[in-house]
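Student: sequence below, structure please.
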Amino acid sequence: MADPIWFVREEFTPEDRAILAPHFTDLDGPVFALTNLPEVVKGALFARYSRSAKSLRRLFLDEFADAAAGASEAVGVERAEDLYRRVFLEYGDDSVAQLGGVHLACEQASQPLAKVLEWGRLAAYLEQSTRYVPYDDRPGGRWRCLMPPEVASASPSLAARYEAAVDGAFSTYARWLGPLQEQYRSWFPQDPGDSDFVYRSSIRAKACDTLRGLLPAATRTNVGIFATGQAYEQLLIRMRANPLAEVRAFADVMLTELRKVIPAFLTRVDRPDRGGEWSAYLSETRGASASVVGSLLGEQPPGAAPPDDAGVEVDLTDFDPDGETKVVAAAMYGVSDRSDRELLEEARKLVAGDRARVLAAYVGERRNRRHKPGRAFERTSNRFDVLCDYGAFRDLQRHRLLTLEWQALTPEHGYAVPEELSALDGAADDWRRVMEESAALHGTLVDAGLGDAAQYAVAMAYRVRFYMEMNAREAMHLIELRSAPQGHPTYRVVAQRMHDLIAGVHPAIAGSMTFTDHSPVSLGRLAAERRSEAKRREAGS
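Tutor: Model (predicted):
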């Protein structure tokens, strides 16, 4: 069987390796942890990581090595490990595993793997951006794309067909990246006040945003994680139950690297009677659920309404009609001495104007979107069923402090062709050709019995269905952030539709989301780049 993790080995000089060795648990593989570095250096390094095509170790050498010089060695490691081991194993106190954290880099991961890595709520993630990093290069002579081990080991002819389809998708992306930027420059001339850097960055981001739908789900990315031992334990147990070979292989490598820095927190992961049983449970319930649901629903195609002109479907499937009244009662709770039940009754008696006064006082004057009302807004929730392209889903999935589940990525729900491509002779036809080849390859893989691995072949322009259930406080955060002008056009539409649907059932709550942006935007990233440059100039003055 093919190696589940194929990667381009990065070369370092002996001098480079000497600098890297104290701070990275591995200098050759795609997974490694950061050690013996100040927290501020690790945080800045991961922040820089998301907007760079460089590997984390190369970034460290080029931009951070001087800042880390003289960092003190970790002290008291053996004593701390002994303490954690005794408490964790002898007393079974899982909360102890929350006390140790690790920065972990997972490089050259596919998109499905990245979504698995980013599943947990209680962790911090940064992912290489398809907006800031063009995917037109070929490190090691190959496009940045996974050959799934399931496909590689199935048959040479199937692997060859897969590789041909992937090559076609990436070649098409690379072929149109330059011309599309030229087209955008003709539509959006540079303002005299914009620096070349700001203008180039905005144009390139717009082109990358438009073309990323051509890339298959197998496209590789880099993911930086900061999490506690407990969060890593739960992540690894889930990964070991995953049907994809790539995910399981990464779990093994991650466990090896994490045990170099927090071994006491991860003793249960691969014990047959602990983590092994947990992983088996997850795998068994997934299989049983798929079997039962399949027998009940049969083979009929989905009956949902088609997406609208924006290629998006957002449906409010559940809400509390009494939600605003409950939020008012919750807003009164912290500044009164009444019981929760009494306050709910009082809120129901209030006339609409008085309830509005309570909410207005509780929300206050929000001077920017980071000024958010308190936990009273968590008293009601909304559930949305969403259908949009996989690229936009990837961005929305990063909102983890809510309930979210997604279905398998298939060509079943169709795709949209970006309007901008109609201005470039042949571009729209190339787009459709890549989509057709992607769908055909997916069907071939399914027919070969590789249903789980077939999702790697699906282009990110294809739509995926998922639900998001969130309280009003998280809805405010998501909607205001994702409707911002600099956002991707598709998820902006999703956020705007969510706001409209909430306004239809909870108008006062929707009205408090004052930083929701419903404006049409052509080159949205430009304003954000201008603000960033102004901050850089101010910091340098």
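
Student: from what I see, residue 55 and residue 128 are in contact.
Tutor: No - using CB atoms under 8 Å, residue 55 is not in contact with residue 128, being 10.2 Å away. Just so you know, the C-beta spots here come from the backbone N, C-alpha and C atoms, and that holds for glycine as well.

Student: can you list residues touching both of these two?
Tutor: Residues touching both residue 55 and residue 128 (CB atoms under 8 Å, 6 or more residues apart in numbering): residue 222.

Student: out of the two, which sits in the busier spot?
Tutor: A direct count of neighbours by other CB atoms under 10 Å for residue 55 and residue 128 places residue 128 higher, at 24 against 19.

Student: what does the model give that one for pLDDT?
Tutor: At residue 128, the model reports a pLDDT of 90.

Student: quick one: residues contacting it.
Tutor: 49, 50, 52, 53, 221, 222, 223.

Student: tell me the least confident of the residues you listed?
Tutor: Ranking the contacts of residue 128 by pLDDT, residue 50 lands last with 74.

Student: count of neighbours near that residue?
Tutor: Around residue 50 there are 17 residues (other CB under 10 Å).

Student: how about residue 124?
Tutor: There are 13 residues near residue 124, going by other CB under 10 Å.

Student: helix, strand or coil for it?
Tutor: Counting by DSSP: H, G, I helix; E, B strand; the rest coil, the backbone at residue 124 sits in strand.

Student: what strand or helix carries the closest residue to it other than its chain neighbours?
Tutor: The spatial neighbour of residue 124 that comes closest, neighbours along the chain excluded (CB to CB, 6 or more residues apart in numbering), is residue 226 at 4.4 Å. Here residue 226, judged by DSSP states H and E, is contained in strand 221-228.

Student: which strands and helices lie in contact with whatever helix or strand comes next after that strand?
Tutor: Sequence order places helix 229-240 as the next helix or strand after strand 221-228, per DSSP H and E. Other helices and strands packing on helix 229-240, by 3 or more CB pairs under 8 Å, 6 or more residues apart in numbering; DSSP states H and E, are strand 101-109, helix 111-117, helix 245-258, helix 277-297.

Student: who are the packing partners of the longest helix along the chain?
Tutor: Counting by DSSP state H, the longest helix found in the chain is helix 156-187. Packing partners of helix 156-187 (3+ CB pairs under 8 Å, 6+ apart): helix 149-152, helix 196-211, helix 427-447.

Student: please state the offset of it from the chain centre?
Tutor: Here helix 156-187 is found 23 Å from its chain centre; the criterion is CA atoms, centre = their mean, to the nearest Å.

Student: between that helix and helix 196-211, how big is the angle?
Tutor: Angle, helix 156-187 to helix 196-211, by axes from the mean of the first three to the mean of the last three CA atoms, to 10 degrees: 130 degrees.

Student: now do the buried residues in helix 156-187.
Tutor: Judged by neighbour count using 16 or more other CB atoms under 10 Å, the buried positions of helix 156-187 are 158-159, 161-163, 165-166, 168-170, 172-177, 179-181, 183-184.

Student: could you rank the contacts of residue 128 by neighbour count and give me the top one?
Tutor: Highest neighbour count within the contacts of residue 128, by other CB under 10 Å: residue 222, with 24 neighbours.

Student: identify the residues contacting that one.
Tutor: Each residue near residue 222 by CB under 8 Å, 6+ apart is listed here: 49, 55, 56, 105, 106, 107, 108, 109, 127, 128.

Student: one more time with 10 Å
Tutor: 30, 49-50, 52-56, 105-109, 114, 126-129, 133, 144 (CB atoms under 10 Å, 6 or more residues apart in numbering).
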